[in-house]
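Chemist: after the sequence you'll find the predicted model.
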Amino acid sequence: MSQYVGAIDQGTTSSRFIVFDREGRIIACRQREHAQIYPRPGQVEHDPREIWTNTQAVMREALAEAGIEPRSLLSIGITNQRETTLIWDRRTGEPLHNALVWQDTRNDRLVAEFARDGGRDRFRGITGLPLASYFSGLKLRWLLDHVEGARAKAEAGDVLFGNIDTWLVWNLTGGPDGGLHLTDVTNASRTQLMALDTLAWDPGMLAAFGIPRAMLPEIVSSSQVYGETKVPFAGVPIAGILGDQQAALFGQTCFRPGEAKNTYGTGCFALMNTGETPVPSTCGLVTTVGYKLDGKPAIYALEGSIAITGALVQWLRDNLGMIRDSAEVETLAATVTDNGDVYFVPAFSGLYAPHWNEGARGLIIGLTRYANKGHIARACLEATAFQTREVLEAMEKDSGIPVRELRSDGGMVANRTLMQFQADILDVPVVRPQVTETTALGAAYAAGLATGYWNSLDDLVHNWGVDRRWKPDMDAGERRRITAAWGRAVKRSFDWTV
């Protein structure tokens, strides 16, 4: 009987189940979207019950598509949208509130309150993270403060907290009937409640944020056998958990310090492997856990998160009507030979790394009568590459390690114009792998390593192959000129709402 490894890829907009073979090839894939709930401006929620229902459905559907039985799965890995926060009743399994999505900013007053005493970096030395509405800890504090009865029940041990990985594992392993309550180190490192050096919940952070210890999951490695599924089918080991961007780092086989990947999606998320020692950032990045194999030291990473990249193309389509389909942006950009000195800073909800300026707002600058919609389309694409350059420069400064190649994945890697400009502006090659579903692949790799489907990291490196490589082809003087112009444009966007 042939054996495979499955991966649950639970993302911001959909849930998928993908079955991989030993070469890392996709055997089957099924996907279902879930609702995006916007109660008020700045608030984004998901219904955890819908996510759980969809996850069960895609697991069954993918096996049916492949024509295989559950016993053909050697193990299952999980990757998930990080920071998205939920609480539920330990006895009934019912959520006490919709999940607060990572994009949700309703806790911004809490961020400001904590930043007043010590600034945004007051907890960075412990957690690697600046104070921001992005991370789970203050989202959890908001839920405890605003959901009636939640705090008292949490202190009594009757309410459980988790990101989506924890919610899925608990339900997969039985829910109220003995479900496992755990999370891996990569997801725990996004809560702002775990100490990076001990990989344990930090008592000082729990006290500062007012979080009852009884509601927190056990922290485990990213690759080990945690338990077996009870639903939607029984007896399959769950053996890997990684937050989505760490899973992409793992799926891209960035196992050596200095190896970096960038995921081009709604936003961009660049991670660089920095080895067994966490590197504190002085350049506006986040220090996070990259992955941890069972029985081995944790591997750390520097991360730069960019809020708006692919979403900018959607904005051109949906808000301005300049294109009918997102893929048309490349055709429109190709109608001009350069950006016509037009720069587009997409600070629609402020700027993330490396600037962390919440008061910034989007701007298009450099317009003359010469400029047309082709220049705006090109400036839209170039904005993604410029922002990525800023993040990678910060990584090099923080780590002291030069980036020699950027491994790319995500939906925008199909855009050849963008990828070539990215190589040009970085002055290093940009590589697209043969398997671009690197997030799900990383979760599958973690699970397969724990159950002997793959024997070592070398097996995974052997699987990784290049589909396309873009080499830099831009004059150094031109690179300096347009990079300087971009920097001036970014500074003009700062503090617009102040």
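Modeler: All right, it came through fine. Keep in mind that this is a model prediction, so the values were computed, not measured. Numbering: from 1, shown residues only.
Chemist: may I ask which helix or strand of this protein has the lowest mean pLDDT?
Modeler: Ranked by mean pLDDT, DSSP states H and E, the weakest helix or strand in the chain is helix 310-318, scoring a mean of 87.
Chemist: how about the helix or strand just after that one: buried residues?
Modeler: Following helix 310-318 in sequence order, the next helix or strand is helix 328-333 (DSSP states H and E). Neighbour counts over helix 328-333 (16 or more other C-beta atoms under 10 Å) mark V329, E330, L332, A333 as buried. Where you see a C-beta, it was placed from the backbone N, CA and C, and this is true even at glycine.
Chemist: contacts for stretch 38-50?
Modeler: 34-37, 84, 86, 88, 95, 98-101, 103-106, 108, 164, 167 (C-beta atoms under 8 Å, 6 or more residues apart in numbering).
Chemist: tell me which other helices or strands the least confident helix or strand of the chain touches.
Modeler: Using 3 or more C-beta pairs under 8 Å, 6 or more residues apart in numbering; DSSP states H and E, the elements in contact with helix 310-318 are helix 328-333, helix 373-399.
Chemist: next, count neighbours for G125.
Modeler: Neighbourhood size, G125 [other C-beta atoms under 10 Å]: 12.
Chemist: quick check: it is in a helix.
Modeler: Yes. According to DSSP: H, G, I helix; E, B strand; the rest coil, the state of G125 is that of a helix.
Chemist: what helices and strands are in contact with the helix or strand R488 falls within?
Modeler: Here R488 sits within helix 476-493, counting by DSSP H and E. Counting contacts by 3+ C-beta pairs under 8 Å, 6+ apart, helix 476-493 is packed against strand 343-345, strand 363-365, helix 373-399, helix 416-426.
Chemist: tell me the pLDDT at V58?
Modeler: pLDDT, V58: 98.
Chemist: thinking again about what came up before, any idea which of the helices and strands packed on helix 310-318 is most buried?
Modeler: The highest mean neighbour count among the helices and strands packed on helix 310-318, using mean count of other C-beta atoms under 10 Å, belongs to helix 373-399: a mean of 23.
Chemist: burial of A214, as a residue count?
Modeler: Quick note: A214 (other C-beta under 10 Å) scores 15 neighbours.
Chemist: ok, the closest residue to it other than its chain neighbours to F233 distance?
Modeler: Distances taken as C-beta to C-beta, 6 or more residues apart in numbering place G157 nearest to A214, at 4.1 Å, with adjacent residues excluded. Distance from G157 to F233, counting by C-beta to C-beta, to the nearest Å: 30 Å.
Chemist: what of K292?
Modeler: Using C-beta to C-beta, we find K292 at a distance of 28 Å from F233.
Chemist: before we move on, the earlier item: can you pull the contacts of the residue nearest to A214?
Modeler: Here G157 is in contact with R90, A214, M215 (C-beta under 8 Å, 6+ apart).
Chemist: for those, which one is nearest P354?
Modeler: Nearest to P354 among these, counting by C-beta to C-beta, is M215 at 33.5 Å.
Chemist: from memory that closest one sits against R151, does it?
Modeler: No. Checked against C-beta atoms under 8 Å, the pair M215 and R151 is beyond contact range at 9.7 Å.
Chemist: more neighbours: these two, which one.
Modeler: More neighbours surround M215 than the other of M215 and R151, with 24 against 19 (other C-beta under 10 Å).
Chemist: list the contacts of that one.
Modeler: M215 touches I87, A154, G157, V159, L160, F161, counting by C-beta under 8 Å, 6+ apart.
Chemist: just V466 next, same as before
Modeler: V466 sits in contact with V431, R432, P433, Q434, where contact means C-beta under 8 Å, 6+ apart.
Chemist: please list only the buried members of the residues you listed.
Modeler: Applying 16+ other C-beta under 10 Å to the contacts of V466 flags V431, R432, P433 as buried.
Chemist: ok so, going back, tell me which of K292 and F233 has more neighbours.
Modeler: Counted by other C-beta under 10 Å, K292 and F233 do not tie: K292 has more neighbours, with 25 against 16.
Chemist: can you count the residues close to the closest residue in space to that one that isn't next to it in sequence?
Modeler: Nearest residue to K292 in three dimensions, chain neighbours excluded: A298, at 4.2 Å (C-beta to C-beta, 6+ apart). Using other C-beta under 10 Å, A298 has 21 other residues around it.
Chemist: any idea how far the residue nearest to A214 is from M194?
Modeler: Using C-beta to C-beta, G157 is found at 20 Å from M194.
Chemist: before we move on, what about V220?
Modeler: Distance from V220 to M194, by C-beta to C-beta: 12 Å.
Chemist: got any residues that touch both of these two?
Modeler: Common neighbours of V220 and M194 are listed as V185 (criterion: C-beta under 8 Å, 6+ apart).
Chemist: excluding its backbone neighbours, what's nearest L381?
Modeler: Nearest to L381 is L418, by C-beta to C-beta, 6+ apart, at 4.7 Å.
Chemist: contact partners for that neighbour?
Modeler: Contacts of L418 (C-beta under 8 Å, 6+ apart): Y264, E330, L381, T384, A385, M412.
Chemist: tell me the one of these nearest V461?
Modeler: V461 has its nearest neighbour among the contacts of L418 in Y264, at 22.7 Å by C-beta to C-beta.
Chemist: run through the bridge partners of the closest one.
Modeler: C268 (DSSP bridges).
Chemist: next, count neighbours for it.
Modeler: 25.
Chemist: A311 is in contact with that one, correct?
Modeler: No. Counting by C-beta under 8 Å, Y264 does not reach A311; the two are 11.2 Å apart.
Chemist: below-threshold pLDDT in this structure: ranges please.
Modeler: Counting by pLDDT under 70, the ranges of the chain that qualify are 1, 498.
Chemist: hmm, what's the outermost residue in it?
Modeler: Distance from the C-alpha centroid of the chain, by C-alpha atoms, centre = their mean, peaks at R369 (39.8 Å).
Chemist: and that residue, how far from H375?
Modeler: In this view, R369 and H375 are 12 Å apart by C-beta to C-beta.
Chemist: hmm, back to that, can I get the helices and strands packed on helix 310-318 in a markdown table including distance to D458?
Modeler: Output for these, formatted as a markdown table (distance: least, C-beta to C-beta, whole Å):
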| stretch | distance to D458 |
| --- | --- |
| helix 328-333 | 37 |
| helix 373-399 | 24 |
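Chemist: next up, the contacts around N463.
Modeler: Applying C-beta under 8 Å, 6+ apart, the residues near N463 are E23, G24, T253, V435.
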